[in-house]
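Engineer: structure for this input, please:
(one chain, ligands or ions: 1)
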Amino acid sequence: MNHHSETPLSRAESVLWANAPAARKSPYALSYHIAAPSGWINDPNGLVRYGGRYHVFYQHYPFAPQWGPMHWGHASSADLVHWRHEPIALAPDQPYEKGCFSGSGADDGDTLALIYTAHDEDNPIKETQCVARSSDGGRTFVKSPLNPVVPHPPEGCSTDFRDPKVWRQDGHWFMVVGTAREGRGCAALYAGDDLEHWTYRGILAESDGTMGSMWECPNFCRVDGQDLLIISPMEMEGHKNIALFGAFDAAAGRMTLDRYQELDLGEDFYAAQVMEDGDRVLLIGWMDMWGKPYPTQKDGWAGALTLPRQLSVRDGRLCQLPPKELEALRQSVLVDSDAPGALDGVHGDRMELDIQCGGTAELCLSDADGELLRVTLTPERATFALPTGRTMSRDLSGAQSDIRVFVDRCSVECFVGGGEACFTQRVYPKENQFSYALSGDVTRVRAWTLGDAFEECPC
Ligand code: FRU
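Structural biologist: From the prediction side, this is the model:
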């Protein structure tokens, strides 16, 4: 490449693809999840449907498989199942930023807009909100000359002030930004007629002292008539990514809260973001967590996003299930049987299981060294047990009695009881060998091998 035409973006792009062949050879390379071609990723960002395609961006460090000055990676899809890598969307290349932190995407008619946090640890006002726009369907973005469009946190709020999420309601744009007030996590609310001019409307909702010291990645959405505020609270005892149920009063700029539900009981689920898609709401999380070992770092990559989930609220419970489109990943039917022993001898590492149960049933995933995860379903409860002895459980309404599991080489996502209990866990089986054991009251067991989600890449 001509040295003079190099930009921070083009440099990032060439290192990313130079390292991609090695990352792709990783024995744990994911087959149908969104991950970067190489390097590090964390939060999903900018989820939006635009120009007939789904766009998923993510926090990305393309130069090494570890967190570093944040860029935005990008993938897009026509069907929510098959993805292609798009050029890196944002690099920290402006005087007001050393990292482009999490944020959202918006269909703004002629442009696909990204609203993100410009982060600069050396600036006393550490975090501000900025806009970038694409007029070519998401291939290239131009940062707004009006940046930062929100130049400081609201008075009385912390300089931890990040992860803007916008939505459109009653002919206006609304935006929530995560922050804290007097050591309690909260979400600041803004409204505007365009994405560059915002009016502070007040604190939408805040912790009562038990819901964390700072709220990362807030999202507002309405599902089946229920207003939800989804947050990733820092330092909330026993919780990491919750949906707060309440009622949003747009005129007052307040949301009253009445209860919350953990989104996912596994260890590797954080920073979930929602996307409106017609009359449904989809959600994607980061399929990892801060402070964990990332064994694939030695192969040149770390981090991935979860499968998309479609949200519903049933009898006051938030349910999450993979959307119907994902059936397109199925390649061949390995099992279709009513016998509990149906999974004996099955070894796939890219699998979908659909287990319909009559009463109590147990599914165990193992490798040659022993158990990786045990899922127990009773009519009242779903329980997930890890070999470390850690056990998580959730009571079920009993409306549906099933265990659905997606395995992708080093990840397991479980949806139990019609999606009332979800569990996402990274596991690293010895020699990629999973085995499955099922027992109990099972009425139908189906298993499929799943295919690849990414089109051929240029590496
Ligand atoms: C959440 C988070 C966000 C921030 C981003 C930085 O995982 O800490 O609050 O914007 O990651 O990469």
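Engineer: name the residues of the stretch 1-150 of the chain found near the ligand, please.
Structural biologist: With C-beta under 6 Å from any ligand atom as the criterion, the stretch 1-150 of the chain meets the ligand at residues Asn42, Asp43, Gln59, Met70, Phe101, Ser102, Thr117. All C-beta atoms are positioned from the backbone trio N, CA, C, and that covers glycine.
Engineer: regarding this protein, what is its longest helix?
Structural biologist: Criterion DSSP state H: the longest helix present in the chain is helix 8-18.
Engineer: helix or strand right after it?
Structural biologist: Sequence-wise, the next helix or strand downstream of helix 8-18 (DSSP states H and E) is helix 20-24.
Engineer: for the record, mean pLDDT for that next one?
Structural biologist: Regarding helix 20-24, the rounded mean pLDDT is 96.
Engineer: can you start the count at 21 instead of 1 from here on
Structural biologist: Got it, the first residue is 21 from now on, which makes the last one we talked about helix 40-44.
Engineer: these two touch, right, Thr160 and Ala152?
Structural biologist: No: using C-beta atoms under 8 Å, Thr160 is not in contact with Ala152; the gap is 9.7 Å.
Engineer: how far off centre is the longest helix of the chain?
Structural biologist: With C-alpha atoms, centre = their mean, to the nearest Å as the basis, helix 28-38 stands 24 Å off its chain's centre.
Engineer: and it, what does it pack onto?
Structural biologist: strand 103-110 (3 or more C-beta pairs under 8 Å, 6 or more residues apart in numbering; DSSP states H and E).
Engineer: grab the nearest non-local neighbour of the residue most central in space within the chain.
Structural biologist: By C-alpha atoms, centre = their mean, the chain has its centre lying nearest to Gly305, at 1.5 Å. The spatial neighbour of Gly305 that comes closest, neighbours along the chain excluded (C-beta to C-beta, 6 or more residues apart in numbering), is Ala292 at 3.9 Å.
Engineer: pLDDT wise, what is that neighbour at?
Structural biologist: pLDDT at Ala292 comes out at 98.
Engineer: and it, which helix or strand is it part of?
Structural biologist: strand 290-297.
Engineer: which residues touch Cys339?
Structural biologist: Residues near Cys339 by C-beta atoms under 8 Å, 6 or more residues apart in numbering: Leu331, Ser332, Val333, Gly438, Gly439, Glu440.
Engineer: swap the cut-off to 7 Å and go again
Structural biologist: Ser332, Gly438, Gly439, Glu440 (C-beta atoms under 7 Å, 6 or more residues apart in numbering).
Engineer: then Trp218?
Structural biologist: Trp218 neighbours (C-beta under 7 Å, 6+ apart): Val169, Val170, Met195, Tyr210, Gly212.
Engineer: one more time with 8 Å, if that's ok
Structural biologist: With C-beta under 8 Å, 6+ apart, Trp218 has these contacts: Gln149, Val169, Val170, Met195, Tyr210, Ala211, Gly212.
Engineer: now, among those, which is nearest to Tyr280?
Structural biologist: Met195 (21.8 Å; C-beta to C-beta).
Engineer: wait, doesn't the closest one sit right on Glu216?
Structural biologist: No: counting by C-beta under 8 Å, Met195 stays clear of Glu216, with 11.5 Å between them.
Engineer: comparing those two, which shows the higher neighbour count?
Structural biologist: Met195 (27 against 17; other C-beta atoms under 10 Å).
Engineer: in a helix, the more buried one, correct?
Structural biologist: No: with DSSP: H, G, I helix; E, B strand; the rest coil as the criterion, Met195 is assigned strand and is not in a helix.
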